[in-house]
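1. Predicted model and sequence below, questions to follow.
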Amino acid sequence: MRGTVLLMCGADVARVPFTMEVVDANTAAPVFDSERYTTHVMETLPVGMVVGSLVISAADADPDVANHELSFGIQEDSPFSLTEPCEDQVMCCRQYTTQLKLEKPLDWATNATYQLTVTAQDPGGNQGQAVIEVYVIQVATVSHDGCFC
Ligand SMILES: [Ca+2]
Ligand SMILES: [Ca+2]
C-alpha cells in the first residue's frame with residue numbers, strides 16, 4: 001500500500017510519500033479436501049508401491065510460504081507411509097497432495113482393514129486431520145500342498 005503523509009510543524013507543511021508492506025501472519029490452518037478417504041488395496045501390492053487410486057490433499061489459505069507449507073503424517077503404526085508432498089496452486093490457495101506408500105507386506109488374514117489418521121501441519125504448528133480407511137482385498141493363492149488360502 002502506498003500513500004502520502006502530511007507533516008506539519010508550525011507553518012511548515014511537508015508531504016512525505018510512504019509505502020506500507022502488509023506481512024502475512026500464520027492465521028489459517030490446513031484443511032483437507034475431504035474429512036474421510038476410502039481406498040481398496042490388493043494384499044499382493046508390492047512393498048514400495050504407491051496406492052495409485054488415492055490422492056490426499058490439503059490446502060492452507062495463508063499466502064506466505066512460511067505460513068502455508070504443509071507436511072503430512074500418519075498417527076497410527078501401520079504398513080503405510082506418505083509420499084513427499086507435491087505443491088499446486090488451486091484457486092486462491094496453495095494445495096499440497098500426498099499418497100499412501102506400502103512399507104510392509106499386507107496380509108488380508110491378519111488385518112483386512114486399516115483406519116489411519118492423517119495430519120497436515122503448517123510451519124507454525126497449525127494442524128488439520130482426516131481419516132483414511134484402507135480395505136485390503138484378499139487374493140487367493142495356492143500353497144505347496146495345493147490348498148487355496
Ligand atoms: Ca494469514
Ligand atoms: Ca497456515
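-> Structure received. Ligands and ions are numbered 1, 2, ... in the order given.

2. which helices and strands sit right next to the helix or strand containing residue 120?
-> If you go by DSSP states H and E, residue 120 is part of strand 113-121. Judged by 3 or more C-beta pairs under 8 Å, 6 or more residues apart in numbering; DSSP states H and E, strand 113-121 is in contact with strand 56-60, strand 71-74, strand 80-82, strand 127-137. Every C-beta, even on glycine, is put in place using the N, C-alpha and C of the backbone.

3. So which of those strands is the most surrounded?
-> Mean neighbour count (mean count of other C-beta atoms under 10 Å) peaks for strand 56-60 among those, with a mean of 25.

4. anything in the next helix or strand after that strand near ligand 1?
-> Per DSSP H and E, the first helix or strand lying C-terminal to strand 56-60 is helix 65-68. No: using C-beta under 5 Å from the ion, helix 65-68 stays clear of ligand 1, coming no nearer than 5.9 Å.

5. so what secondary structure elements neighbour helix 65-68?
-> Looks like helix 65-68 contacts strand 93-98 (3+ C-beta pairs under 8 Å, 6+ apart).

6. about what we covered before: list the buried residues of the strand holding residue 120.
-> Of all the residues in strand 113-121, those buried under the rule 16 or more other C-beta atoms under 10 Å are 114, 116, 118-121.

7. neighbouring strands for the least confident helix or strand in the chain by mean pLDDT, and are they parallel or not?
-> In the chain, the helix or strand scored least confidently by mean pLDDT, DSSP states H and E is strand 86-90, which has a mean of 82. Sheet pairing of strand 86-90 (DSSP bridges) gives strand 93-98 (antiparallel).
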